[in-house]
Structures are given as structure tokens and as C-alpha cells.
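Chemist: How does the following fold in three dimensions:
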Amino acid sequence: MSASNFLLVGLSSEVAVPPDIAEHLALRATSAEVPGPRPDEALALELYGIDLSFGGVVALKDVDLSVRHGEIRAIIGPNGAGKSSLINVISGVYKPDRGHVAINGAAYRPVPTQKLAKLGIARTFQNLALFKGLSVLDNVAAGRAYAGRSNFLSQIIGLPHARREQTDARERARRVIDFLHLTPYLDRLAGTLPYGLQKRVELARALAAEPRILLLDEPMAGMTATEKNELADYVRLARDEYAITVVLIEHDIGVVMGLSDRIAVLDYGRKIADGTPEEIASDQRVIDAYLGVPPENEDGEGI
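Modeler: Predicted coordinates for the structure are as follows:
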């Protein structure tokens, strides 16, 4: 794909991406460092030069990020580093002041939120966003809402095509529920489940949308160590079973190091490091900004 073929897709129109940005996307997509598929399909997601501010307060500054197909890509950093802001840019909640988001080679500014599911992106949130008065099955089936073509009236009347869509959504939901070992809770109201299971239901609802890219915003917040390990295993299994790409924000550094293929580190809205878990763990900038310095023993030596 030539640089001139990259398009910037807005909410209402398509215009050519500026040459420097298009060239950058083309070069990054054809980089020898990215193995695997054809150059124009090498990256599932790319952020280029993202700036974001709120009333003069800088949330993100010149952030680049590439995500390969099929990897689990973590974003870490101290509180206020800009992690959730970055996820909100990817999902179209925030419009960046500068920069673009490329999804499978097509560049967006801003990402069209109303088309997010059709672009193959699903997400979970820091705080649970379940319908607590509905069953687990109904919650997970709600993840298929974007795929329906019937309107509200046809659903109320129960027209044949509306019934078929509802049946299909529930069948797909059941398969995901079974995959995540939630079948015993199928008919339970989501709000009556323990917190850890509610988190798993939210993951199930996101997977029911059959995304190509799954955004997880602190999926393990508030969970016990056992629940975190279980959910980490499910995320890894989901990546393999459904061939999805995962972008993960998580504060538990132990979980991140064990789960991620690559990690980007933000501090005060800037990316200060990017690499494998091993590279991140030994990066002095990350140690100073986030991981902390090992305590000293009585002889003044690190332990």
C-alpha cells in the first residue's frame, strides 16, 4: 500500500492523510521489525503523534504506539499518567488535539464511536457497566446489539427477522458463557454475583461482540489475587481461541509482566519506555518513575 492510499476517515467524510503522516504509517507497516502478514496488515492498531489536553492540562503528549495482530499489549504507568485517556482516544470517546489512530491500516481522527463495533473493537471499563437487573445470558447477549438490523418496533412486535436476530445473539452468548465457565450462572441476575464473576461476565459480553481488538481498562481492579490469576488465564485463552488482539491497562505489575507480550510505559502523558516485560523490568527510567527502587539493607546494598 502506498503512502497516498492511506485515508483519514472522519465522522462524516474521507480526506487524504497529510503526506508526512501517511509516509510514517506506510513505513511503520512495512518495518522489518514486524514479522508475519502482508505489510498493510502487519499492525492491528497504531497511534501516531497523539496529543490530548483538557483546559491547558496535558493528558497525552506526542504518544506513538503500535500493536501487532494477536499480541497482548499492556500500557502501564503511575496514576494520572494518561493510560485511560489513551484508551478513550482509541475508542473515540476523546478526540485528540493532534495525531491519528490507525485501525488495520485505515487512519481515523477522531475514531467514529458509533462505528466502533463494526470496526472490530470492543472494550471493558474500570467500573462495572453491567445491567445488574438482567440475567447473565441477557447481559452477554447485549454484546451483540451492534449486529442487529431490526428496529425497536419490530422487536416489540416480534417480527420474524427480529426473532432470528435475538435467537442468534443468545446462541452466540451461550457459547461465550460456556467458554468462560459461566454456565452455572446463566439465569442469575448479574448484580447478585460476586465481584470477580461480574468482571468475567463483562469480559464475556465484550467477547460476544466478536471483536478483532479488545480494550481492557483495568479489568482486574478490586479483585483478589486468585481472581486476578483466573481472569489473566481467561484473557490469554480468549486471545488464542478467538484470535484477537488485546490492549490492556492494569496496575498489578505482576499480572502485567506475566500476561503481556509487550509493554508501553506512560509518565505524565509521555511514553518513556516500550518493550518486552524483561526489557521494561530492567529499564532505569521505568524503575525511577513507576516500579520503584529496591529497598536497601543495613549495609546499604540493594536487596
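
Chemist: Could you use CA atoms for every contact and neighbour count after this?
Modeler: Will do.

Chemist: which residues of this protein fall in strands?
Modeler: Ranges of strands in the chain, per DSSP state E, are 7-9, 14-16, 43-54, 57-68, 72-76, 98-103, 106-108, 121-124, 213-217, 245-249, 262-267, 270-275.

Chemist: looking at these, which is closest to R200?
Modeler: R200 sits nearest to strand 121-124 of all those, at 10.4 Å, using C-alpha to C-alpha.

Chemist: ok so, going back, which of the strands of the chain sits closest to R164?
Modeler: Judged by C-alpha to C-alpha, the one of the strands of the chain that comes nearest to R164 is strand 121-124, at 23.2 Å.

Chemist: Reformat the strands of the chain into TSV and put mean pLDDT next to each item.
Modeler: Putting the strands of the chain into TSV (pLDDT from 0 to 100) gives the following:
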stretch	mean pLDDT
strand 7-9	33
strand 14-16	38
strand 43-54	95
strand 57-68	96
strand 72-76	97
strand 98-103	92
strand 106-108	86
strand 121-124	92
strand 213-217	96
strand 245-249	97
strand 262-267	96
strand 270-275	96
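
Chemist: can you put these in JSON lines and add distance to V89?
Modeler: Supplementary listing: the strands of the chain in JSON lines, determined by distance: least, C-alpha to C-alpha, whole Å:
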{"stretch": "strand 7-9", "distance to V89": "15"}
{"stretch": "strand 14-16", "distance to V89": "19"}
{"stretch": "strand 43-54", "distance to V89": "9"}
{"stretch": "strand 57-68", "distance to V89": "10"}
{"stretch": "strand 72-76", "distance to V89": "14"}
{"stretch": "strand 98-103", "distance to V89": "8"}
{"stretch": "strand 106-108", "distance to V89": "10"}
{"stretch": "strand 121-124", "distance to V89": "12"}
{"stretch": "strand 213-217", "distance to V89": "11"}
{"stretch": "strand 245-249", "distance to V89": "13"}
{"stretch": "strand 262-267", "distance to V89": "15"}
{"stretch": "strand 270-275", "distance to V89": "15"}
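
Chemist: So which elements touch the lengthiest helix in the chain?
Modeler: Using DSSP state H to define each element, the chain has its longest helix at helix 160-179. Packing contacts for helix 160-179, counted by 3 or more C-alpha pairs under 8 Å, 6 or more residues apart in numbering; DSSP states H and E, involve helix 136-141, helix 152-157, helix 195-208.

Chemist: Out of the strands of the chain, which is closest to R174?
Modeler: Nearest to R174, of all the strands of the chain, is strand 121-124, at 18.2 Å by C-alpha to C-alpha.
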